[in-house]
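Provided below for reference: sequence and predicted model.
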Protein chains: 2
Amino acid sequence: MKNRIITISREFGSGGRTIGKKVAEALGIPCYDRELIQKIAVESGFHEQYVQEASEYAPGGMLASAFAHGAAGPTNEDYLWKIQCRIITELAEKESCVIVGRCADYILRDKAHCLRVFIHADMAFRAKRIVEVYGEREASPEQRLKEKDKRRAAYYRFYTDLKWGRAQNYDLTLNSGTLGIDRCAELIRQLY
Amino acid sequence: MKNRIITISREFGSGGRTIGKKVAEALGIPCYDRELIQKIAVESGFHEQYVQEASEYAPGGMLASAFAHGAAGPTNEDYLWKIQCRIITELAEKESCVIVGRCADYILRDKAHCLRVFIHADMAFRAKRIVEVYGEREASPEQRLKEKDKRRAAYYRFYTDLKWGRAQNYDLTLNSGTLGIDRCAELIRQLY
């Protein structure tokens, strides 16, 4: 595979998606983020909202999972994960691109030439951002961030058996709060 | 404090020290690495070798530590840690510089304007490097790397209560194995 892929994992509110879009624009390649959810929804027949939510939860509790895997076969989440793996692999085969989220770094680990990036920022920076930019309710944005972080970490852990946000899983991790969103985008562009 | 400090934490064999020296040279500022050990040795009266080793072990086991702190007062390691904190703080007050290792990112967390960097690389890259560059014995360099990683993580955890290598502790983490040592140095220099 000759295409070069940039995968961006990110903490909620850190500006990872914005950075992905900026990098893609500067490089003249596509950026897949919400488009991935749409593709997975179309292919699976599930509603977009369901796909979005399913990909933010690690499947069931341990007990639920044991029952599901033992008795009832693969869960909906497992089905969606397989579709997600296939779609991401196909995109990487088709063209150079930026892929935001969806464990793309892991899915493409042995299949593509990837620059694996993780974007994070401190709580205060992200709390301010999700209220101002995403229009989240102002009541306790910190609590919302903690929940999101926990879910993303659990989902990543469940499917990859790796620790989300561990420097060693990436080529590059950047603190968008201290470095600034534009500078992060510029650094990634340079490294490409 | 107006000085600007670059702190570099690094996995053994990742080239973090080399990167620190290159950055410092390019910026025309000093780089403190082994010089720190010497300073701590002079100030404490302990032998350099002892200082080096003490700063790679988390003090005692839990039991030893409980005894030491309960009955016999601070350990030698605690004494060295205090001197280390003071020397690093004084260096940061004196001038802009690069400081490699010694938990400098944590020691200076509220005291200086720091760019906090972590350098890592995969096992194969580091194993090759410690044999070729450091002249380590060739027998199982991987085992030696694992031990060193474990010690550094335990030491960092003991004194900072933070997880070594967690992206969120740094402004920037770089994989010197995939990005290359020179490119890592260049990126840090640019960000300064």
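Sure, I can see it.

Not including adjacent chain positions, what is the nearest residue to A:Lys163?
Leaving out its chain neighbours, the residue that sits closest to A:Lys163 by Cβ to Cβ, 6 or more residues apart in numbering or on different chains is A:Arg157, at 6.6 Å. The C-beta positions use only the backbone N, C-alpha and C, and glycine is treated the same way.

what helix or strand is that neighbour on?
helix A:141-160 (DSSP states H and E).

hmm, who's touching that helix?
A:9, A:11-13, A:55-59, A:81, A:103, A:106, A:123, A:126-127, A:130-131, A:136, A:162-165 (Cβ atoms under 8 Å, 6 or more residues apart in numbering or on different chains).

What are the buried residues along it?
A:Pro141, A:Arg144, A:Leu145, A:Lys148, A:Asp149, A:Arg151, A:Arg152, A:Tyr155, A:Tyr156, A:Phe158, A:Tyr159 (16 or more other Cβ atoms under 10 Å in any protein chain shown).

One more: stretch A:163-179?
Quick answer for stretch A:163-179 (16+ other Cβ under 10 Å): A:164-179.

rewinding a little: out of the buried residues of helix A:141-160, flag the one nearest to B:Val117.
Ranked by distance to B:Val117 (Cβ to Cβ), those are led by A:Asp149 at 23.0 Å.

Close to chain B: what parts of chain A are there?
A:11, A:118, A:120, A:165-168, A:170-175, A:178-179, A:183, A:187, A:190-191 (Cβ under 8 Å from any Cβ of the partner chain).

Among those residues, which are located in helices?
A:Thr178, A:Leu179, A:Arg183, A:Leu187, A:Gln190, A:Leu191 (DSSP state H).

In contact with A:Ala167, which residues?
A:Phe118, A:Thr173, B:Phe118, B:His120, B:Gly165, B:Arg166, B:Ala167, B:Tyr170, B:Thr173.

Point out the least confident member of the residues you listed, please.
Sorting the contacts of A:Ala167 by pLDDT puts B:Gly165 at the bottom of the list (90).

lowest-pLDDT helix or strand in chain A?
Least confident helix or strand of chain A, by mean pLDDT, DSSP states H and E, is helix A:62-67 with a mean of 48.

after it comes which helix or strand?
helix A:76-94.

The contacts of helix A:141-160 in strands, which ones?
Counting by DSSP state E, the contacts of helix A:141-160 place A:Ser9 in strands.

Who does A:Val98 form a beta bridge with?
Beta-bridge partners for A:Val98, by DSSP bridges, are A:Ile6, A:Cys31.

who's in contact with it?
A:Val98 is in contact with A:5-8, A:20-21, A:23-24, A:27, A:29-32, counting by Cβ under 8 Å, 6+ apart.

Can you pull the phi and psi angles for the closest residue to A:Cys97 other than its chain neighbours?
In space, and not counting its chain neighbours, A:Cys97 is closest to A:Pro30: 4.8 Å by Cβ to Cβ, 6+ apart. Main-chain torsions, A:Pro30, degrees, to the nearest 10: phi -70, psi 160.

Near A:Pro30, how many residues? Count them for me, please.
Residues lying near A:Pro30 (other Cβ atoms under 10 Å in any protein chain shown) number 15.

Contacts only, for A:Leu115.
Residues counted as contacts of A:Leu115 (Cβ under 8 Å, 6+ apart) are A:Arg4, A:Ile5, A:Ile6, A:Thr7, A:Asp171, A:Leu172, A:Ile188, A:Leu191, A:Tyr192.

where does the one helix or strand it maps to sit relative to the chain's centre, distance-wise?
A:Leu115 belongs to strand A:113-120 when assigned by DSSP H and E. How far strand A:113-120 lies from its chain's middle: 10 Å, per Cα atoms, centre = their mean, to the nearest Å.

How about stretch A:170-185?
On Cα atoms, centre = their mean, the centre of stretch A:170-185 falls 16 Å from that of its chain.

Now tell me what touches that stretch from outside.
Residues from elsewhere that reach stretch A:170-185, judged by Cβ under 8 Å, 6+ apart: A:9, A:14-16, A:18-19, A:22-23, A:26, A:105, A:114-122, A:124-126, A:165, A:167, A:187-188, A:191, B:167-168, B:170-175, B:178-179, B:191.

Span of stretch A:131-145 from start to end?
In stretch A:131-145, first residue to last residue: 11 Å (Cα to Cα, to the nearest Å).

And stretch A:174-189, by the same measure?
Its first and final residues considered, stretch A:174-189 spans 13 Å by Cα to Cα.

how about the contacts of A:Val98 in JSON lines, adding pLDDT?
Shown next, in JSON lines, are the contacts of A:Val98 (pLDDT from 0 to 100):
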{"residue": "A:Ile5", "pLDDT": "96"}
{"residue": "A:Ile6", "pLDDT": "97"}
{"residue": "A:Thr7", "pLDDT": "96"}
{"residue": "A:Ile8", "pLDDT": "96"}
{"residue": "A:Gly20", "pLDDT": "97"}
{"residue": "A:Lys21", "pLDDT": "97"}
{"residue": "A:Val23", "pLDDT": "98"}
{"residue": "A:Ala24", "pLDDT": "97"}
{"residue": "A:Leu27", "pLDDT": "97"}
{"residue": "A:Ile29", "pLDDT": "96"}
{"residue": "A:Pro30", "pLDDT": "96"}
{"residue": "A:Cys31", "pLDDT": "96"}
{"residue": "A:Tyr32", "pLDDT": "95"}
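
Which members of the residues you listed are the farthest-apart pair?
A:Ile5 and A:Lys21 (15.4 Å).

roughly how far apart are the closest residue to A:Cys85 other than its chain neighbours and chain B?
Spatial nearest neighbour of A:Cys85, chain neighbours left out: A:Ile107 (5.1 Å); criterion: Cβ to Cβ, 6+ apart. According to Cβ to the nearest Cβ, to the nearest Å, A:Ile107 and chain B sit 18 Å apart.

A:Ile107: what's it in contact with?
A:Gln84, A:Cys85, A:Ile88, A:Thr89.

The third one: neighbour count?
Residue neighbour count, defined by other Cβ under 10 Å, stands at 26 for A:Ile88.
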